[in-house]
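# Below: sequence and its predicted model.
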Amino acid sequence: MATPAKTKAKTAGARAGSTPPTNAPPPRPAGPSTEGETFIAPGGETHQQADGPETQLTTNQGVPIADNQNSLKAGVRGPVLLQDFILREKIMHFDHERIPERVVHARGSAAHGFFECLDSCADVTAADFLQRTGERIPVFTRFSTVAGNKGSADLPRDVRGFAVKFYTQQGNFDLVGNNIPVFFIQDAIKFPDLIHAAKQDPDREFPQAQTAHDTFWDFISLTPESMHMIMWAMSDRAIPRSLRMMEGFGVHTFRLINAAGTSTFVKFHWRPKLGSQSVVWDEALKINGADPDFHRRDLWEAIEGGDFPEWEFCLQTFTQEQADGFAFDVLDATKLIPEEDVPLRVVGRMVLDRNPDNFFAETEQVAYCAAHVVPGIDFTNDPLLQGRLFSYQDTQLKRLGSPNFHQIPINQPKCPFHNLQRDGHMQMAVPKGQVNYEPSSLGQDVARESLERGFQAFPNPEAGEQLRLRPETFADHYTQARLFFASQTKPEQDHIVAALVFELSKCVTPRVREAVLSRLIHIDEFLAQSVAEGLGFPGEIVPAPAPIPAQDMTPSPMLSLLAKAQPTLEGRKVGVLVSDGSDDKLLAKLKAAVEAAGARLQIIAPTIYGVTTAGGALLPADHKIDGGPSVLFDAVAILPSDEGGALLALEAAAVNFLRDAYGHLKVIAYLPSAGPLFAKGGITEVGPDDDEGLIDLEASSVDDFVATASTGRVWAREPLVRPPPK
Ligand code: HDE
């Protein structure tokens with residue numbers, strides 16, 4: 001047996017010859033130190049963990065750790081000892097780091113910000129946060145896709161969730177909405193069926209994050225109430241350019257109640273300051289490969305860069321008498337109220353100005369709940385909404401594992417909250433005293449109810465037989481679907497046709513495709529025949545029974561993205577492909593013009609260290625060519641030197657940069673030196689004379705480019721690259 005002295009010497013020797021006990025960080029470049037980590041202590045206090053070598057690493061019990069690189073072993077090559085509590089604690093925590101993902105809306109991105117009241121709504125609601133003009137409260141907003149799993153890509157064709165937690169002084173109000181104002185179904189009892197049909201097939205666990213498969217379309221073809229939503233879901237709304245460029249909707253009809261107890265119906269709307277914009281489908285497919293985090297990154301980078309996304313908060317209010325006069329039932333979530341009929345009242349704005357500090361703690365653990373309303377806001381009998389009132393808390397209990405999930409910092413109200421609920425897993429508070437019941441006469445300072453200040457449900461008289469029946473007033477499934485299609489511009493209608501053809505072409509059961517056609521024919525003859533043609537369907541469309549045929553309504557331009565698009569480049573991105581010898585003066589001018597328009601410019605070059613410009617400067621790149629395809633940008637410029645143009649034409653990624661920009665209808669600035677790329681890309685028969693989106697910077701100015709790029713895509717080019725339905 002070794003003597004203690006010998007053992008000590010051996011250990012020291014082994015250490016000297018193997019991995020050192022601590023990982024000394026590489027020397028830091030000079031400059032301000034990075035911010036420290038923030039964590040919440042069990043008592044709820046927030047600590048700023050100072051950065052720097054003096055910060056002691058500890059176990060969760062606060063025991064200082066000497067070596068975070070090596071397990072405790074019996075001898076340097078010996079077995080690991082069970083007594084290594086540092087190893088066991090670390091691995092145990094790691095083993096439990098995942099929680100169940102959301103059953104829908106699993107993939108999301110969120111940000112902190114504020115809501116500001118711009119117009120007191122005391123006339124219609126007693127909601128505290130809508131009383132005083134200019135007053136701000138904090139919000140936390142999470143955007144999501146619906147069908148894909150947590151790790152899926154950002155740009156499937158899908159509805160987007162738009163959930164806002166308002167931390168008001170009278171409790172949390174969660175407006176858990178979508179970027180589409182209607183829904184697939186009318187009754188919550190169909191939600192599990194809808195979602196089962198949309199998500200991966202249960203036997204094979206694919207396809208992921210897409211509705212282009214038999215089970216979804218089978219369900220849809222048998223659920224005619226979904227037809228209106230299908231028009232929206234197949235439109236460009238389902239492939240937004242940015243989370244910052246989406247509208248949001250509360251979908252259901254809610255009630256507002258004022259201080260006098262009067263009820264007014266309301267639909268909630270969010271309108272993005274940057275305007276609404278979408279990508280084109282081929283672009284979406286490619287973005288998912290080029291940058292699966294496209295939306296998440298875009299939101300993060302905009303906020304980090306100080307371009308805080310902003311939305312107007314609008315109310316669409318109407319009375320019971322107006323509701324009685326509508327041709328549809330306001331309790332039916334498959335219907336909307338055209339803005340032309342009931343205009344929006346702008347009452348506030350939301351600005352997102354801070355990224356989460358920790359994705360898991362905040363974005364993942366945030367628990368939105370459709371039942372979280374505050375005094376002044378109440379529900380209606382919409383059967384979809386009523387089902388949601390149960391679902392959210394129930395799912396949070398499973399997902400977050402304890403009835404105390406409201407104590408997680410992101411979920412806690414920012415106003416005082418007290419009650420007599422006690423105990424449960426992970427109780428973080430330490431309630432004091434003997435009294436945990438009410439009424440009570442024993443305790444001091446026990447929380448009590450208040451008739452004046454408390455939430456009061458609107459006393460709507462309710463009576464009726466118990467029955468499982470849809471109202472007759474929910475039966476018209478086609479009129480608003482037709483209204484939506486008729487309200488779209490030509491390119492938007494073509495995209496709906498193309499999307500349906502794409503989706504149904506992925507269905508393998510012909511009966512499913514034909515059943516969908518038998519519904520579409522009730523919406524619009526041109527739509528259905530164009531889809532049939534796109535599928536190459538050889539037969540005749542047989543209309544499905546439709547007890548209530550579609551009525552024609554006056555088109556509503558507000559339902560179209562393009563009809564109301566405002567020219568702007570703000571918040572957009574311009575990609576510039578360069579080579580050695582590119583003209584620095586032109587690049588500088590272009591950058592200045594792009595930035596003056598509120599957009600960002602990024603350099604794409606053959607290597608990430610960049611290029612040497614004509615002036616001899618080193619211009620660093622933001623992307624190497626194959627890592628920065630043109631799908632990541634709203635407009636592009638191709639500005640190589642003469643020699644560089646010829647070299648770039650040898651790179652497929654550079655040729656595709658141009659070809660995709662052209663195919664995705666982008667405005668393209670170029671120099672004649674880019675000629676070899678145009679030749680290789682087969683874009684030879686068009687020039688600035690026949691395509692206003694091609695801008696020769698030898699003949700035009702960078703300002704012309706910026707002005708044209710601000711108008712968005714070159715829709716006139718589309719028929720040349722994607723022949724529209726006849
Ligand atoms: Fe949801 N929905 N939903 N939903 N929903 C969830 O709650 C549900 C519906 C929406 O960023 C779940 O915490 C039912 C309409 C958003 O965390 C779950 C029905 C609208 C989010 C749930 C609907 C939404 C969810 C899953 C039919 C637009 C993400 C995880 C009655 C108005 C919130 C969770 C976030 C999430 C149930 C229909 C919006 C299972 C039963 C209509 C934005 O509770």
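Perfect, thanks for sending it.

# quick one: contacts for the residue most central in space within the chain?
Centroid check for the chain by CA atoms, centre = their mean gives residue 143 as the closest residue, at 3.3 Å. For residue 143, the contacting residues are 108, 109, 110, 160, 161, 162, 163, 243, 246, 295, 299, by CB atoms under 8 Å, 6 or more residues apart in numbering. Where you see a C-beta, it was placed from the backbone N, CA and C, and this is true even at glycine.

# I'd like to know which of these is nearest to the ligand.
The shortest approach to the ligand among the contacts of residue 143 belongs to residue 161, at 2.7 Å (CB to the nearest ligand atom).

# For the closest one, give me the pLDDT.
Residue 161 carries a pLDDT value of 98.

# can I assume it sits in a helix?
No - if the criterion is DSSP: H, G, I helix; E, B strand; the rest coil, then residue 161 is strand and not within a helix.

# Find the nearest non-adjacent residue to it, please.
residue 144 (3.7 Å; CB to CB, 6 or more residues apart in numbering).

# In contact with that neighbour, which residues are there?
With CB under 8 Å, 6+ apart, residue 144 has these contacts: 102, 105, 106, 107, 108, 109, 160, 161, 163.

# That one sits in which helix or strand?
strand 136-145 (DSSP states H and E).

# What strands line up against that strand, and which way round?
Sheet partners assigned to strand 136-145 using DSSP bridges are listed as strand 108-117 (antiparallel), strand 160-168 (antiparallel).

# what's the neighbour count on residue 597?
18 (other CB atoms under 10 Å).

# so it makes contact with residue 708?
No - using CB atoms under 8 Å, residue 597 is not in contact with residue 708, being 11.4 Å away.

# Would you check how far apart whatever residue of the stretch 551-700 of the chain ends up closest to the ligand and residue 114 are?
Of the residues in the stretch 551-700 of the chain, the one nearest the ligand is residue 559, at a distance of 17.6 Å by CB to the nearest ligand atom. Look at residue 559 and residue 114: by CB to CB, to the nearest Å, they are 30 Å apart.

# higher neighbour count, the two?
Neighbours were tallied for residue 559 and for residue 114 using other CB under 10 Å; the higher tally belongs to residue 559 (25 against 17).

# Quick check: closest non-adjacent residue to the more buried one.
residue 487 (4.1 Å).

# Run a quick check on residue 645 versus residue 675, I expect a contact.
Yes - here residue 645 reaches residue 675: they are 6.4 Å apart, a contact under CB under 8 Å.

# Tell me which of the two has more neighbours.
Neighbour count, other CB under 10 Å: between residue 645 and residue 675, residue 645 has more, with 26 against 16.

# coming back round to it: out of the contacts of residue 143, who's near the ligand?
Among the contacts of residue 143, the residues that sit close to the ligand (CB under 6 Å from any ligand atom) are 108, 161, 163.

# which element is residue 288 on?
helix 281-290.

# What residues sit buried inside that helix?
281, 283, 284, 285, 286, 287, 288, 290 (16 or more other CB atoms under 10 Å).

# so after it, what's the next helix or strand?
Heading C-terminal from helix 281-290 (DSSP H and E), you reach helix 294-304.

# per-residue confidence averaged over that next one?
Mean predicted confidence for helix 294-304 is 98.

# Find the nearest non-adjacent residue to residue 112, please.
residue 354 (4.1 Å).

# Need the pLDDT of that neighbour.
At residue 354, pLDDT is 98.

# and it, what does it touch?
111, 112, 113, 303.

# need the strands for the stretch 501-650 of the chain, in chain order.
573-577, 600-605, 611-612, 618-619, 623-624, 635-638 (DSSP state E, counting those that start in this stretch).

# and the angle for the first one with helix 294-304?
Between the axis of strand 573-577 and that of helix 294-304 there is an angle of 100 degrees, by axes from the mean of the first three to the mean of the last three CA atoms, to 10 degrees.

# Off-centre distance for strand 573-577?
Relative to its parent chain, strand 573-577 has a centroid offset of 24 Å by CA atoms, centre = their mean, to the nearest Å.

# cool, and the fourth one?
Centre-to-centre, strand 618-619 and its host chain are 35 Å apart (CA atoms, centre = their mean).

# Helices along the stretch 1-150 of the chain, start to end?
4-17, 85-95 (DSSP state H, counting those that start in this stretch).

# and those, which one is worst for confidence?
Among those, helix 4-17 scores lowest, at a mean of 40.

# which parts of the stretch 251-400 of the chain sit against the ligand?
251, 333, 368, 384, 387, 388, 391, 392, 395, 396.

# pLDDT wise, what is residue 35 at?
42.

# ugh, wrong one, residue 32
At residue 32, pLDDT is 39.

# before we move on, back to that, so which of the residues of the stretch 251-400 of the chain next to the ligand comes closest to residue 563?
Nearest to residue 563, judged by CB to CB, of those is residue 251 at 22.1 Å.

# Residue 334 is in contact with the closest one, correct?
No - the criterion here is CB under 8 Å, and residue 251 misses it with residue 334 at 9.7 Å.
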